[in-house]
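Novice: Structure of the sequence below:
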Amino acid sequence: MLNNIYKLGRLTVVAGALAMSVGTATAQEVTLRYGHMHTPNSIAGMQAEWLAEAITEKTNGEVAVDIFPNSQLGKLQELAEAVATGSIAISHNTAGAIGSLYPPFAAFDTPYLYRDIDHLMAVMDVDSPVMQELNEGLVDASGVRLLYAFYFGTRHLTTNQEIKSPDDLEGVKIRSIPFPIYMATVEGMGAVPVPVDWAEVPTALATGVVEGQENPVNVVVTSKLNEVQSHMMLTGHISAAQVIVMNDDTWQSLSPEHRDAITEAAAEVRERATAAMLEAEAEDFASLREAGMHIVGPEDGLDIEAFRTRVSDRIAEEFTAQYGELYEQIAAVD
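Specialist: Down below sits the predicted model:
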């Protein structure tokens, strides 16, 4: 059914995604709607604003971007589908969520996949051999194209108790992004994965629907999760990029000059957002410690190898047959 929705969206340009003005030639000609789930003060939220500013500047005001944060235009899955149908022009999401439109994309959020952050960003570059091929597949499958990806941080576990090994998580309900590779990751960590959309996470933690969650430290700080969680375990299980996607019909409707301007803006924002995230991580750990959150690392007895082994075994069980060749291509990227 989703494929039919996507095809319908590609046949009809939805007015909400791209609005053409009927004013003079010097008036603003195009307005693109950008919906996302994050708070405006998060780096993910700020980079959306940076993109809007850069696009307006580089197109001399001929293209504007209206931003709708905090899941105003939908939750994770709904935002991915909205870009596919064309009801919004741009959004950012996890690679796992984009995998709901084109399954190979989910492989980019595989735990313990990248050698380091430089390797991650090389793989996720829109011009990398791996990404070029998958971006073409994404366009063909869903009418969505990748604009760019920025480093979104390394995901760690938070709970209200000290956790040192997967055995300590037996029976513990941990919030999971509601997509298969994230559910399998939480299960591999030894916990009970509970799918909860991001907009509902703070309430779910406060009310005990879930007992913990996993996210980059920036998200923990900007969403004040330390007010409902006492411990952060430095499991570092997923280093991931947030992917910014655009409806391809909208993209194709733009002039070549406007597409070039957006491409240039995307490259600049990718670098700016990645640098901001890297800088913020160190500051965010310090602020959490100052706020009284207990940070548990290997020096405190956290058994990283046990987590790596258990999670990797669980992922291999479900995903290696599907993504094994892609994993090899990712490993080959310098």
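Novice: Go through the longest helix along the chain and flag the buried ones.
Specialist: Ordering each helix of the chain by length in residues (DSSP state H) puts helix 256-290 first. By neighbour count on 16 or more other Cβ atoms under 10 Å, the buried set for helix 256-290 is 258, 261-262, 265-267, 269-270, 272-274, 276-277, 280-281, 284-285, 288. For every residue, glycine as well, the C-beta is placed using N, CA and C.
Novice: Could you do stretch 127-138 as well?
Specialist: By neighbour count on 16+ other Cβ under 10 Å, the buried set for stretch 127-138 is 128, 130-131, 134-135, 138.
Novice: Tell me how far the residue positioned nearest the centre of the chain lies from residue 292.
Specialist: With distances taken as Cα atoms, centre = their mean, residue 94 lies nearest the centre of the chain, 2.6 Å away. Distance, residue 94 to residue 292, using Cβ to Cβ, to the nearest Å: 29 Å.
Novice: same question, residue 312
Specialist: Separation of residue 312 from residue 292 (Cβ to Cβ) stands at 33 Å.
Novice: between those two, which one's more packed in?
Specialist: residue 312 (18 against 8; other Cβ atoms under 10 Å).
Novice: With adjacent residues omitted, what lies nearest to the more buried one?
Specialist: Closest residue to residue 312 apart from its sequence neighbours, by Cβ to Cβ, 6 or more residues apart in numbering: residue 112 at 5.8 Å.
Novice: Equivalent analysis for residue 230, please.
Specialist: Distances taken as Cβ to Cβ, 6+ apart place residue 160 nearest to residue 230, at 4.9 Å, with adjacent residues excluded.
Novice: what's the domain layout of this structure?
Specialist: Following automatic domain parsing, the chain resolves into domains at 2-151+241-279, 156-238+282-332.
Novice: hmm, back to that, verify the stated contact: the residue nearest to the centre of the chain with residue 240.
Specialist: Yes - with contact defined as Cβ atoms under 8 Å, residue 94 counts as touching residue 240 (6.7 Å).
Novice: Identify the contacts common to these two.
Specialist: Here residue 94 and residue 240 have 109, 152 as joint contacts, going by Cβ atoms under 8 Å, 6 or more residues apart in numbering.
Novice: Same list (the domains of the chain) but as TSV, adding mean pLDDT.
Specialist: Converted to TSV, these look like this (pLDDT from 0 to 100):
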stretch	mean pLDDT
domain 2-151+241-279	88
domain 156-238+282-332	95
